[in-house]
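# Return a 3D structure for these sequence lines:
(one chain, ligands or ions: 1)
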Amino acid sequence: MFYRDTWVEIDLDRIYHNVSHIKAFSGFEHLFAVVKANAYGHGDVEVARVALEAGASHLAVAFLDEALALRKQFPQTKILVMGPIRPTDLQHAAEQQITVTAHDLAWIEAISDYRGPRANIHLKLDTGMNRIGLIGPEQLDQALKQLRQHPAVNLCGLFTHFATADCIDDYYKQQSRAFDALVEGIDLSQFEIVHQSNSAAMLRHGKQQHSNGGRLGIAMYGLPPSDDLELPFELQQAFSLHARITQLKTIQSGTKVGYAASYEAPREERIATLPLGYADGWLRYHQGRKVEIDGRRFPIVGRVCMDQCMIRVDDEVQLGDQVTLLGDLITVTDAADDLNTINYEIVCSISDRVPRLYKRGGQTVGERYDRYDGRTD
Ligand SMILES: *Cc1c(COP(=O)(O)O)cnc(C)c1O
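Below is the predicted model:
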C-alpha cells in the first residue's frame with residue numbers, strides 16, 4: 001500500500017525480453033544478472049527472479065550486504081560479490097554460500113589462515129581499469145599458488161573488467177589481449193566460470209575466446225550502455241516514472257513560481273504541481289526539462305523542491321492527470337543526455353521513497369515500498 005501519487009513502474013516482461021535476447025546473442029553459457037544497487041533502482045528480488053527465469057544463471061552484486069539480502073530469497077542461486085569484502089567477513093560469506101572476489105595479494109595474504117567452511121572465490125585480474133584486481137603475471141602466479149593450496153578455498157572463477165567497452169577505441173582490444181596473455185599456459189578448465197564482458201562488451205564484441213560467461217547489467221534493464229552502440233536487436237526500457245497532478249492553477253503575467261522566485265510567467269499561464277522532488281531523486285538539475293502528459297510535452301518551471309515540482313501546462317490538462325517523467329516518449333537515456341550524465345545514474349538516483357510497481361502481461365503483479373511498509377522479503 002502507498003498513499004502518494006508518485007510511483008515507478010517496472011515492466012518485468014521487458015526485462016525478460018532483454019535477458020533472453022542478450023543471452024541468445026552473446027552465446028555465453030553462464031550469465032550473471034548484475035543486480036547491485038537494488039538492481040539499478042528497479043528492485044533486486046523482482047529483477048533477479050525474472051532474469052533467472054529468462055536464462056541468467058548467476059547473480060552478481062557489489063557488496064556482501066547486498067548478497068546476504070538476496071540469499072534469503074534465493075537459497076540455491078550462485079551469488080557473486082564483485083567488489084572487495086573485508087577478509088574478516090569471509091567466514092560469514094562462506095557460511096551463506098556467497099562467492100567472493102580475491103582482488104589483491106594483501107587480501108589473499110589476510111585470508112591465508114582462514115579455516116572456516118569452504119569459501120568460493122573468483123580471482124579478479126586488472127587488465128587496464130586500474131580499480132581493483134591483480135596486476136601482471138607475477139601477481140597472478142602467486143595468487144594462484146596461494147589460493148590453490150589453501151585448504152578452505154574453492155577457486156572457481158577468473159574475471160576482469162573492461163574500462164572502455166562502451167566506446168569505440170582500441171583500449172578494449174588492448175585489455176582483451178592482456179587477459180589472453182595472462183591466462184596463456186593456465187588450465188582454464190579448473191575454473192567453473194571465466195568472465196570478462198559487461199553489457200557493452202557483450203553487445204559490441206560478442207564472446208571472447210577464453211570466456212564462458214558475462215556480467216549483464218544495464219542492458220538487462222533495456223538501457224543502452226552507450227549512445228553510439230548499434231544494437232543488434234531492440235532493448236526495451238523497463239523503468240518508467242509517473243506522478244499525478246495535485247494542484248492546477250492559472251497565474252497572471254509577472255507571477256513568480258517556486259523557491260528563489262526564479263521563474264516569472266511572461267503571460268497568463270496554467271501551472272500544475274507534481275508530488276515529487278529532489279528527495280525522490282528527481283534532482284534540481286531537471287529544471288527546464290520536459291515531462292509527458294498523454295503523448296505531449298510540458299516543461300518543468302521554477303526550482304525543483306524537495307518533495308514537489310511545478311510544470312507549465314495547457315488548457316486540456318486536468319487535475320489528477322497522469323504525468324510520465326521517464327518513459328517511452330522521454331526516455332531514461334534522453335534525461336541522461338539532457339543532464340550530461342549516463343542512464344545508469346538516472347535510474348540509480350530514484351530513491352526508495354518512490355514505490356515500485358511490477359507489471360507482467362499488463363497487470364500489476366507486485367509492489368515494493370519496504371522503507372515505509374516494512375516488508376522485509
Ligand atoms: C556493474 C558491473 C558490471 C555491469 O556493468 P553494465 O555496464 O551495467 O553491464 C559488470 N562488472 C562489474 C565488475 C561491475 O561492477
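# In the stretch 101-250 of the chain, what residue comes closest to the ligand?
Residue of the stretch 101-250 of the chain nearest the ligand, by C-beta to the nearest ligand atom: residue 217 (2.2 Å). In short, each C-beta sits where N, CA and C put it, glycine included.
# Spatially nearest residue to that residue, not counting backbone neighbours?
In space, residue 217 comes closest to residue 34 once its chain neighbours are excluded; the distance is 3.7 Å by C-beta to C-beta, 6 or more residues apart in numbering.
# Identify the bridge partners of the one you found.
residue 60 (DSSP bridges).
# what sits against it?
59, 60, 61, 82, 198, 215, 216, 217, 220 (C-beta atoms under 8 Å, 6 or more residues apart in numbering).
# which of the residues you listed has the most neighbours?
Neighbour count (other C-beta atoms under 10 Å) singles out residue 220 as the most crowded of the contacts of residue 34, with 30 neighbours.
# So residue 182 sits against residue 139, correct?
No - using C-beta atoms under 8 Å, residue 182 is not in contact with residue 139; the gap is 9.6 Å.
# higher neighbour count, these two?
residue 182 (22 against 17).
# Regarding the more buried one, which helix or strand does it belong to?
helix 171-183 (DSSP states H and E).
# Please name every helix or strand in contact with that helix.
Counting contacts by 3 or more C-beta pairs under 8 Å, 6 or more residues apart in numbering; DSSP states H and E, helix 171-183 packs against helix 136-148, strand 193-197, helix 199-205.
# For residue 317, which of the ones you listed is the nearest?
Nearest of the helices and strands packed on helix 171-183 to residue 317, taken as C-beta to C-beta: helix 199-205 at 37.5 Å.
# Show me what that closest one is in contact with.
Taking C-beta under 8 Å, 6+ apart as the criterion, the residues outside helix 199-205 that touch it are 22, 25-26, 28, 162, 165-166, 172, 176, 197, 214, 216-220, 225-226, 229, 231-232.
# Just confirm yes or no for it near the ligand.
Yes - applying C-beta under 6 Å from any ligand atom, one finds helix 199-205 in contact with the ligand at 199, 200.
# Any buried residues in that helix, and which?
Using 16 or more other C-beta atoms under 10 Å as the test for burial, helix 199-205 gives 199, 200, 201, 202, 203, 204, 205.
# For the residue in the stretch 251-377 of the chain that the ligand sits nearest to, which non-adjacent residue is spatially closest?
The nearest approach of the stretch 251-377 of the chain to the ligand comes at residue 344, 6.6 Å away (C-beta to the nearest ligand atom). Sequence neighbours aside, residue 218 is the residue nearest to residue 344 in space, at 5.8 Å (criterion: C-beta to C-beta, 6+ apart).
# And for residue 168?
Among residues not flanking residue 168 along the chain, residue 228 sits closest, at 6.6 Å (C-beta to C-beta, 6+ apart).
# Is the ligand within reach of the helix holding residue 182?
No - Helix 171-183 stays clear of the ligand (C-beta under 6 Å from any ligand atom), getting no nearer than 12.9 Å.
# Other residues contacting that helix?
Contacts of helix 171-183 (C-beta under 8 Å, 6+ apart): 125, 127-129, 136-137, 140, 158, 160, 162-165, 194, 196, 201, 204-205, 208-210.
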